[in-house]
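>>> return a 3D structure for these sequence lines:
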Amino acid sequence: MKDQKGFSLIEVAITIGLLGIIGVGILGALGTASKALFIADERETARNLAESQMEDLKQTVYASSYNSTLIPPEYAGYSATITTDNIASMASNIQKVTVTIRHQDKVVTRLEDYKVR
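Model (predicted):
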């Protein structure tokens with residue numbers, strides 16, 4: 001039986017240990033990648049909603065304040081707030097408009113633009 005070749009118990013234990021370490025590393029990387037993908041999706045969705053709100057706002061009549069347009073139901077958890085600041089000038093007919101998009105009460109993005117009377 002001395003001429004039989006095979007793996008010793010120590011070699012098998014070392015191999016299992018190395019595979020375990022590699023497996024834990026891969027699972028950690030998958031978790032991090034999943035979180036990064038969620039954050040990127042949240043930011044892109046918020047940016048698209050902010051741009052949509054701003055486009056709707058540009059087509060409305062000049063006013064001292066504006067209401068946000070309805071956010072579609074498939075974007076549950078997102079909300080929009082529109083604020084205006086009149087730019088101090090002689091004519092005072094320029095206002096800075098800021099659209100803030102929140103997701104679950106956390107500010108995700110802000111978009112600023114100007115509107116002229």
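
>>> which stretches of the protein have low pLDDT?
1-4, 88-92 (pLDDT under 70).

>>> quick one: the strands in it, in order.
Secondary structure of the chain (DSSP state E): strands at 78-86, 94-103, 106-116.

>>> who wins for proximity to residue 36 among those strands?
Taking CB to CB, strand 106-116 is the member of the strands of the chain nearest to residue 36, at 15.0 Å. C-betas here are computed from N, CA, C, even on glycine.

>>> tell me the buried residues in the closest one?
By 16 or more other CB atoms under 10 Å, the buried positions in strand 106-116 come out as 108-109, 111, 115.

>>> just to revisit the earlier point, so can I have a markdown table of the strands of the chain showing distance to residue 22?
As requested, those are exported to a markdown table (distance: least, CB to CB, whole Å):
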| stretch | distance to residue 22 |
| --- | --- |
| strand 78-86 | 39 |
| strand 94-103 | 36 |
| strand 106-116 | 36 |
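
>>> among those, which comes closest to residue 17?
Within these, the stretch nearest residue 17 is strand 106-116; the backing value is 41.4 Å (CB to CB).

>>> what's that closest one packed up against?
helix 9-58, strand 94-103 (3 or more CB pairs under 8 Å, 6 or more residues apart in numbering; DSSP states H and E).

>>> so can I have CSV of the ones you listed showing distance to residue 65 and mean neighbour count?
Shown next, in CSV, are the helices and strands packed on strand 106-116 (distance: least, CB to CB, whole Å; neighbours: other CB atoms under 10 Å):
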stretch, distance to residue 65, mean neighbour count
helix 9-58, 11, 12
strand 94-103, 10, 18
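
>>> count of neighbours near residue 80?
Residues lying near residue 80 (other CB atoms under 10 Å) number 22.

>>> now do the contacts for the closest residue to it other than its chain neighbours.
Distances taken as CB to CB, 6 or more residues apart in numbering place residue 68 nearest to residue 80, at 3.9 Å, with adjacent residues excluded. Applying CB atoms under 8 Å, 6 or more residues apart in numbering to residue 68 gives the contacts 53, 79-82, 99.
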